[in-house]
Structures are given as structure tokens and as C-alpha cells.
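**Q** I'd like to go over a predicted model; first the sequence, then the structure.
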Amino acid sequence: MSSTEFDIKINGRTCTASKGETVFEVAAREGISIPTLCHDTRLEPAGACRVCLVEVEGQRRLEPGCAWKVSEGMEITTESDRIERHRKVLYGLYLADHDLDGEGLPVETANGNQLRELAQKTKPLALHSVDAPRVGRPEDVNPYIAFEPDLCILCARCTRYCDEVEAVNAITLANRGSETTIATAGMRGLLDTTCELCGGCIDTCPTGALIEKKSPDPLPADAKTVRSTCNFCGVGCQLDLHVVGTNGTSRVAKVTSPPPGETVNDGNLCIKGRFAYDFIHHEDRITEPLIRGEDGELHPATWDEAITAAAEGIGRVKEKYGADALGFVSSSRCTGEENYLMQKISRAVYGTNNIHQCSAT
Amino acid sequence: MQKKGAQRERILHLLEEEGGVTEDVVRRISLETGVPEADIWGTGLFYTLVSKPGKRVRVCDGLSCRIKGSDELFSKLRDAGKECEPVSCLGQCDRAPATLDEDLEQVCYGVEARGIVPDDPELPMNLGGPVRDSYSSLAKARETGSDAVIAEIEAAKLQGRGGAGFPAHIKWKGVRGQKETERYVICNADEAEPGTFKDREIILRQPHLLLEGLAIAAYAVEAKDICIYIRGEFTSERRMIEKALEAASEKISDFTWTIYNGHGAYICGEETALIESMEGKRGMPRLKPPYPTEYGFRGKPTLMHNVETAACVPAIVERGGEWFKDLGKTEPGTKLYCVSGHVNKPGVFELPLGVTLDELVEVAGGYDGEPVAFSPGGPSSGFLPISRRDVPLDFGHLSKEGSMLGSAGLVVLNDSVDMAKATGWQLDFFERESCGQCAPCRIGTRYLRRQVDSFIGEGDPDALEFAEDVGWEMEEGSICGLGMVAAKPLESAMKYFPEAFGSRSKQ
Ligand SMILES: Cc1cc2nc3c(=O)[nH]c(=O)nc-3n(C[C@H](O)[C@H](O)[C@H](O)COP(=O)(O)O)c2cc1C
Ligand code: SF4
Ligand code: SF4
Ligand code: SF4
Ligand code: FES
């Protein structure tokens, strides 16, 4: 045990913890699950949803596990009759303020619904709807992001994400009390705000209140997830391609980021990686090398033929006009290694310094 | 982008100057300050005084005003062609029904009772006495030094008058003991607990006592900056503070004084919401710990006190902690009791801490009609039946009753009041004033208010079947004190006035 480490007890079990950690973090490491809705490891704990409340020895009231800092000798209880009652009533309140399906459960969305999952574990108290007067932005014509106020639990993950991670601040909590909603300045469409359409707010939303307009419905159960690398730029963000259909007819129906903490992009993507996947199945997409023939038309070729044709063409220009008549521009989709090789071709193979990378200016 | 810091702190003031939130105003302020537009929009829409442009008359719909006919007054003003808006308790319950004109100046359509204890130099605050502006206690404090001052505060056993009754000296020591030397003293003059109007009277009658108390506190905890956060509806009170600051400038010029306006949000009386508001944000309470004494305004150690707590300080320094302590009946000191509703002479009375309701009402001209219930400290304290009239009105005894002294805003109700309706009014207040941050309070306050409305409308007690569970969860699960007590009016009314919640005829 290092000097900043100490013991605490969770549900009677001794756990090692360090100064600065939260109850949730220690519990997670120990495999003790504490439910949360407003928590996202990328964000400062807000302690707002109250789903994670636990008993802390010596505290009169239940305290939020996501935010409560551990200290030496602390004793935590995460399951008890008191906590069970708390969950039952709290979930009941959430359900009274939520869009429900025929069975009285929070509706399932294309991105699941964590409130539904919780309500399936602990039966909520059946309360009358509170019919909160919460406004959305039905006029928002942006092509990617929809907001459904009746599915919003006001956990503020989206606004905190937009602020703390994206540093864009396009969306905000607005109004007060039961009228609180997620808004933009002037309730304008996202295209008329600073929004970069990164879709991170969708990704962090626990209930599907924010959803991809391009894939509004739940995917079929047999949809496959394929981990891939975004090829839009050199960062190399990892993607999960959600593929529906069988071989031959399979299509990418949605793209998400792997969960935070798993890959280099830590759960984040940009507009291109998340939304610009239509090219994959576009009829104009070029899927094989083409060489323009004497007839002026493009003809399919092998890679070897194409590379040979390109090398010959470049060689002819150099022979006739000199090396500096050539210029090499590499794509922003190339990695650093590829860019290096490109300048190597330019300088070492052809002898010109006319080398550029399209995102360099 | 300026998400926090000096520019952000300006936005609410700018919104006020520009006359309220519109798209254009928000864009302009964003350009000027660098604060993102959405942040300004979201912050502005939190506060009722700036959330929309234009001017309107505001009619109080607090309990005391409702029982003095504010509903009728509202209709009358609207029929006369005025644009009207209901507003939560204006802190003018002794002149109910209270209103504000288009420029937030108070207009009284009722009887101005404004009862007060006559001049008595033995009273620490002595609101009925001559203005006390010698600042001799501050001079004495500077002579004796911080430790001696804090020792007197401790000996006085001064409990915070803002509602919680927390021992003042613990906070003073807490701030003084911080490593960080940039420290703040904040005066909480957001007085908005319905039924409470004592801070108003201190400011209007003894403003220098307040300034002196704050200066002594700042001296003792070694803070340079003193901020006064005053509720936005207190326009004449703000002018009074400005005047007093000017008059006393020579004696207190070693401190930097800044007045911050509230902008229409009861929750900003809660200390951390108040700080958020000063920082130009939505008034949503922070999680505690950390407490303001450690992490307060601008993240720095902050000593916050209610107006009355600060106003007790000069007398304690001058006459000693023991003297102050002994003034109390069951707990230390004197207390300003506000009393309104069905009493003959509503007002603010400085009495020994721990008097009973009967003793208080005797000073307030006696009961008006046959009293049946009283609310000892605003809606947050729920209701007690008149049979509890002999409980000492102090922090400890009322807490044992399941109620609280809170800010000592007592409202007396006689037998003409329908307890179910009075309960509904109190719940309405909490629903409207919930910040909306946490679900137990945001949804719970609305749920309870709707169920009580539905009970009153349909006469079916089943509407209240789950009220107890919801109230329990609000107390257990809410972030701040608002949600924790917001079910109290219903809980207590159902306990003490079950007959009001039995079957009744449809309305
Ligand atoms: C919902 C709520 C509203 C409050 N409103 C006020 C208020 O209007 N004025 C006030 O002084 N304290 C108010 N308080 C108490 C403050 O949070 C804080 O305890 C107080 O200002 C500390 O000063 P004191 O130690 O002098 O009492 C409120 C608390 C809560 C939870
Ligand atoms: S898409 Fe990205 S930038 Fe736009 S609101 Fe969501 S999080 Fe903010
Ligand atoms: S939209 Fe989603 S992420 Fe945003 S507050 Fe609502 S539930 Fe939370
Ligand atoms: S209890 Fe109510 S007022 Fe307090 S933080 Fe929660 S929602 Fe806001
Ligand atoms: S001013 Fe109306 S109830 Fe207080």
C-alpha cells in the first residue's frame, strides 16, 4: 500500500482506495456495480440523476456514489432496503416524466434506454404522469441529430459533454424546474449555432432522447458490430460499424464510437467519422482502380496496372519538363507514416521539393 | 471563449440592463463578453426577472398574500388592462397583498401593518431605535484582534439566522484556517423564504448594523472582499445599502464592497446556488462537500451569512458573547420573528429566542379570528396545529416537532382557510422554484402539486396514495435543502389535519 492508499469497506468487503477517488470508481474496480444515469467517465461528476445514491456510514442522507470522495475507513453500503425503496420511488418519478410503452416501461430507442433497463431490474412505483411542459426543437432541420424531450431525463450529460469535452457550448439547460429542457440559443436549429455536429451528445445520452436522424429505429437483433478505423483522417479513431443484412446485401446502418476508455478516441468522434458513412454504399463510389484509355473512357484495371500507368505518366512529365514541373499533394486522410512516404517519393524518387499535404494550410 | 471568470460574471447584469433575454440581446452580450451564446441563453432563462423582455406588474401569490386576496387583486389588475405575472413571496407579507409595479417598485394595495418592537437599547438589533452608525464595534474589533472577536462569537453561541441555525463561529474558524488568502465574505440578502421579511427591515432601518457586522466578519477571517447579494425585487433596499455604503465609506474603506443583484429565483438563497449566480451561471446548488468555507465564490474560501446573523455581530462585539447568549429564552440571543397571516398587526419583532406562538402573537396585536394552524418558518417548515402553540419557537424544539424555525417567517392561519388549498399553494411555490437539477425535486414537486390539485378537484383521497413515498424520496434523494423539505407542507398537513384530506365533494 502506498502512502496515499487506504482501506475502505464496501458492503462489508475491504477494498483498497486512494485519495481523490470516488466511491463509484473504487466500487467499479472491485466489480461492485452501482447504477448511474448522469455519469460519464469523461465528465466531472454532476451527482444530478440520484440513481447512484449509496449509504455512507455517518451521513444522515443517502449520498451520490459518482461524486462522493472516499476517505480512510469509510463504510459504504450499496444495497439495502433503504436503497431499494429509494430506487423504487426515484424510478417511479422518472417514469412519471417519461415516454412509456404499452407495458408502462420507458420506450426502447434506437440507442437503447438505460432507464428502461433500470426499471426492469427494480420495479418502479406506479405514479401518475406529471405531464411536464418541456419543449423540444421540432423545427430543427439539421440532418443528423434529433431531440425528443419526452425521453429526456435532464441528466445534462449532453450539455456537459458539449462544454467539457468538445468546448463548443452549442447546447444548454434552459428554463427552470419541471420546465427545464435542453436548448440552443434562440431555440435555433443546430446548423445555426456553434454546433460541430460531432454527435457526442447523442453518444453520451443514456435514454435515446438524442438520436441519429439517419437511423431512428432500433437495429434488428442480428445486426453485427464491426470494429474499424475511421479513414477520414490520420488520427485513426476507432469506429464500431453497425452492419445489418447478410453477405452481399449487408449495409452499414449506423456508426458509433467504442465506449470511452477503450480506444484512442476515448468515445469521441467527429461529424465525418460518425455521420459521413453514406459513401460506403454509394453508387458513385469507386471501388477499383480505373485507367483512362485512348477512347477517353475509364476502364477497370488491376492495382499493378494502375501504379505502372501512374509511374509512367509522372516519369514522362519529369523527362520533358524537369522534376520541378511535378507537385505531390497528399490527402488529409493519410496517416503520418503515409505522409512521410509521400514526401520520400517526391524528394528522393523524383527529386522535387514540391510536396504538400492538403490539411497543412 | 469565456466560460468562467470576470466576463461570465457580467452576463446577468448585462441581461438586466438590456431588459431581458431575446436572441439579439444574447448575441450582443456574447460578442461583448466572449461567453458562448447558449450559456447566456440558458442562464438568462433560469431567472424570472430577466427570462423574457418587457415590463409587467407582479402580484405575490405567497400564502400570506393569498389569504389576503391576492388572487382577486390579480384578476382586478389584469381586467384593468395591466400585464400581470404571479410572483413568489415578495417579502412584504406584512402589507399583503403585495405587488411590484413595472419597475419593480413595491405597491401596497393592502393595509401597511409593519409592526415593530419599540426602541429598546437593550436589543442587539433594536430596529425601532435610532440608526446606529458609529462603527464603534468595528473599531473595538480592530483593537482586540481576530481571535478575540471569534471567541466572542463563539461565546455568544450565535446560530446562523438564514435558516439552518449553524453555529457561526465554526464557519469563521473554517475560513480563517484556510491556506488560501484570497477570501470572500458574502452577505445573503436574497430573502425569499415565503413569510420572511426581516432582512428587509434590517436593511431599511439599521443598514449600518449590517455593514458593520460584515466588516467585522471580514476583518476576523482576513478577507478583503465583501459581497452583498440582494434579491432583485428589493429595489428600495438596494438603494438603502448604496446610501449607507456611501455614508460609511471612510470607516469601511479598507474592504472592497460589491452589490450583486438577484434576478428572480428563490433557490439562489441557497448558499451554493447564490455563488453560482454570482458567477453568472444558472442558480443550481452545488454538491456539498466541499463547503463554501473551503471552496466558495470563484473557488475561494467564503464566509456567507444571512443579513440578520451579520447584524447581530456588532452588539456581540460591543457587549460580549455572554451577554448576547443570555438574552435568549431557550436558545442564545434575540431573534427577529416575522409574523403575518391571521394576526392583527403583522410585522417583525425582535424577541428572546424561544418565545411561544402566543407570546409572539400577543406582541403582534393578537389573533385575527380563530387560529387553527401556523407555519413556523415558511413553507419549508410545513404546518403545525394550533395545539402546538406552546412549543418554544427555536431551532431545537421545532426540529423535534418535525418542523423547523428556518428563517422565522411565521404565518398564522384561522379557521377560514381550507388546509388542503393552503397546502396546494405551498407546493405550487416549490414546484415553481425548484431549480430542476435533480429528479426527486424536479419531478416530485410537480407530482405532489398535481396530486393535491387533483384531490381538491375530484375529492378522491386516492390521489394522495403515494404522497408519503414521494415525500420520503424527496427528502432522501434531493441535492439541496429545497427538495429535502418541499414535501413538508403536505406531509404535515396530512398528519395534523387529516379531516382536510378525507373524501370531499367535487369542485
Ligand atoms: C432553498 C434554500 C433557500 C435559502 N434561502 C435563504 C435566504 O433567502 N437567505 C438566507 O440568508 N439563507 C437562505 N438559505 C440558507 C443558506 O443556504 C445559508 O445556509 C445561509 O445563508 C448561511 O447564513 P447563516 O449562517 O447566517 O444562516 C437557504 C437555503 C436553502 C436550502
Ligand atoms: S453535436 Fe457535438 S457540438 Fe453539436 S451539440 Fe452535440 S456535442 Fe455539441
Ligand atoms: S438529452 Fe439525453 S443526455 Fe441530454 S439531458 Fe436529456 S437525457 Fe441527458
Ligand atoms: S433539490 Fe431541487 S432545488 Fe435543490 S438541487 Fe435538486 S432540483 Fe435543484
Ligand atoms: S409577500 Fe406575499 S406572502 Fe410574502
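**A** Okay, I see it. Ligands and ions are numbered 1, 2, ... in the order given.
**Q** pretty sure A:Leu219 is touching A:Lys254, no?
**A** Yes - when contacts are counted by Cβ atoms under 8 Å, A:Leu219 is listed as touching A:Lys254 (6.7 Å). For every residue, glycine as well, the C-beta is placed using N, CA and C.
**Q** Could you pull out the residues contacting both of the two?
**A** A:110, A:242 (Cβ atoms under 8 Å, 6 or more residues apart in numbering or on different chains).
**Q** more crowded one of the two?
**A** A:Lys254 (20 against 16; other Cβ atoms under 10 Å in any protein chain shown).
**Q** Just list the residues touching B:Leu123, thanks.
**A** Counted by Cβ under 8 Å, 6+ apart, B:Leu123 has contacts B:117, B:129, B:334, B:350.
**Q** what's the nearest residue to the closest residue to ligand 4 within chain A if we skip its chain neighbours?
**A** Nearest residue of chain A to ligand 4 (Cβ to the nearest ligand atom) works out as A:Gly177 at 7.5 Å. Sequence neighbours aside, B:Ser434 is the residue nearest to A:Gly177 in space, at 4.1 Å (criterion: Cβ to Cβ, 6 or more residues apart in numbering or on different chains).
**Q** Please state the backbone phi and psi of residue 352?
**A** Since no chain was named, I'll use chain A. phi -130, psi 150 (degrees, to the nearest 10).
**Q** Chain B, not that one
**A** Torsion angles, degrees, to the nearest 10, at B:Pro352: phi -60, psi 140.
**Q** Report the beta-bridge partner residues of the closest residue to ligand 5 within the stretch 251-400 of chain B.
**A** Taking Cβ to the nearest ligand atom as the measure, the point where the stretch 251-400 of chain B comes nearest ligand 5 is B:Ser340, at 6.8 Å. Beta-bridge pairing for B:Ser340 (DSSP bridges): B:Val411.
**Q** Distance-wise, check it relative to B:Gly264.
**A** Per Cβ to Cβ, to the nearest Å, B:Ser340 is found 22 Å from B:Gly264.
**Q** How many residues are close by the closest residue to ligand 5 within chain B?
**A** Nearest residue of chain B to ligand 5, counting by Cβ to the nearest ligand atom: B:Gly62, 2.3 Å away. Using other Cβ under 10 Å, B:Gly62 has 33 neighbouring residues.
**Q** How about it: what's its closest non-neighbour residue?
**A** Nearest to B:Gly62 is B:Cys89, by Cβ to Cβ, 6+ apart, at 3.3 Å.
**Q** any idea what that neighbour is structurally, helix, strand or coil?
**A** coil (DSSP: H, G, I helix; E, B strand; the rest coil).
**Q** and it, what does it touch?
**A** With Cβ under 8 Å, 6+ apart, B:Cys89 has these contacts: B:60, B:62-65, B:192-196, B:429.
**Q** For the buried ones among those residues, write the corresponding ChimeraX selection.
**A** Buried members of the contacts of B:Cys89, defined by 16 or more other Cβ atoms under 10 Å in any protein chain shown, are picked up in ChimeraX with:
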select /B:60,62,63,64,65,192,193,194,195,196,429
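**Q** Rebuild the contacts of B:Cys89 as CSV, extending it with secondary structure.
**A** What follows is the contacts of B:Cys89, written out as CSV (three-state DSSP):
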residue, secondary structure
B:Cys60, strand
B:Gly62, coil
B:Leu63, helix
B:Ser64, helix
B:Cys65, helix
B:Ala192, coil
B:Glu193, coil
B:Pro194, coil
B:Gly195, coil
B:Thr196, coil
B:Phe429, helix
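**Q** Could you single out the nearest of the contacts of B:Cys89 to A:Glu148?
**A** Of all those, B:Phe429 has the smallest distance to A:Glu148: 30.3 Å, by Cβ to Cβ.
**Q** Tell me which other helices or strands the helix or strand containing B:Val313 touches.
**A** B:Val313 is part of helix B:307-319, with elements assigned from DSSP states H and E. The elements that helix B:307-319 packs onto, with contact taken as 3 or more Cβ pairs under 8 Å, 6 or more residues apart in numbering or on different chains; DSSP states H and E, are helix B:136-144, helix B:146-156, strand B:184-189, helix B:198-205, helix B:207-221, helix B:321-326.
**Q** switch the cut-off to 6 Å
**A** helix B:136-144, helix B:146-156, helix B:198-205, helix B:207-221 (3 or more Cβ pairs under 6 Å, 6 or more residues apart in numbering or on different chains; DSSP states H and E).
**Q** Which one, of those, ends up nearest to B:Leu73?
**A** Closest among these, using Cβ to Cβ: helix B:198-205, at 20.6 Å.
**Q** now the angle between strand B:184-189 and the closest one, please.
**A** Between helix B:198-205 and strand B:184-189, the angle comes out at 100 degrees (axes from the mean of the first three to the mean of the last three Cα atoms, to 10 degrees).
**Q** Quick check: the gap between the residue nearest to B:Gly62 and ligand 1.
**A** 10 Å (Cβ to the nearest ligand atom, to the nearest Å).
**Q** And the pLDDT at that residue?
**A** With respect to pLDDT, B:Cys89 scores 94.
**Q** Check the one 5 residues further on too.
**A** The per-residue pLDDT reported for B:Asp94 equals 92.
**Q** For it, which three-state class applies?
**A** helix.
**Q** B:Gly341 is in contact with that one, correct?
**A** No - taking contact to mean Cβ atoms under 6 Å, the distance of 10.0 Å between B:Asp94 and B:Gly341 leaves them out of contact.
**Q** tell me the mean pLDDT over the longest helix along chain A?
**A** In chain A, with assignment by DSSP state H, the single longest helix is helix A:303-321. Average pLDDT, helix A:303-321: 96.
**Q** residue contacts, A:Ala306?
**A** A:Pro289 (Cβ atoms under 6 Å, 6 or more residues apart in numbering or on different chains).
**Q** What's the separation between it and ligand 5?
**A** Relative to ligand 5, and taking Cβ to the nearest ligand atom, A:Ala306 is found at 83 Å.
**Q** And that residue, how far from B:Tyr135?
**A** On the measure of Cβ to Cβ, A:Ala306 and B:Tyr135 end up 91 Å apart.
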